[in-house]
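Chemist: no letters, just coordinates:
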């Protein structure tokens with residue numbers, strides 16, 4: 001049986017033309033919480049981001065993004081943007097989670113660099 005072991009993410013923050021990027025690897029033993037709260041695994045300080053914007057969760061051999069925010073998020077896959085609001089979207093290597101518009105110099109995106117399996 002194939003099971004997700006870990007996920008490697010690039011976390012990109014854009015604010016006022018300044019871009020910060022970090023790469024992190026997370027074990028798949030628990031969900032990854034994204035948001036403004038200090039309890040989040042991936043934290044942002046932007047006021048437009050919900051305390052718990054979304055969750056990356058693992059189900060056997062699949063990875064999902066569940067949006068919990070007031071206004072939703074975008075998941076980009078193969079160049080196609082999909083609005084996710086109060087729902088789940090399966091993630092794959094190369095998927096991008098976006099909040100706000102980083103092309104307009106404000107927001108964040110999380111890029112799935114790799115998904116490792118047992």
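Modeler: That came through fine. The shown structure was predicted, so the numbers you read here are calculated from the model rather than taken from an experiment. Numbering: from 1, shown residues only.

Chemist: C-alpha only now, for contacts and for neighbours.
Modeler: Noted.

Chemist: run through this protein and note the low-pLDDT ranges.
Modeler: 102-104 (pLDDT under 70).

Chemist: what ranges do the strands span in it?
Modeler: 4-15, 18-27, 32-35, 42-43, 54-59, 62-67, 73-77, 80-84, 88-91, 96-101, 106-117 (DSSP state E).

Chemist: on contacts alone, who are the packing partners of the last one?
Modeler: In other words, strand 106-117. strand 4-15, strand 96-101 (3 or more Cα pairs under 8 Å, 6 or more residues apart in numbering; DSSP states H and E).

Chemist: any buried residues in the shortest one, and which?
Modeler: Of the residues in strand 96-101, 96, 97, 98, 99, 100 count as buried by neighbour count, 16 or more other Cα atoms under 10 Å.

Chemist: now stretch 106-117: buried residues?
Modeler: For stretch 106-117, by 16+ other Cα under 10 Å, it's 106, 107, 108, 109, 110, 111, 112, 113, 114, 115.

Chemist: bridging residues for the last one?
Modeler: Okay, so that is residue 115. Taking DSSP bridges as the rule, residue 115 bridges to residue 7.

Chemist: please tell me how far it sits from residue 15.
Modeler: 28 Å (Cα to Cα, to the nearest Å).
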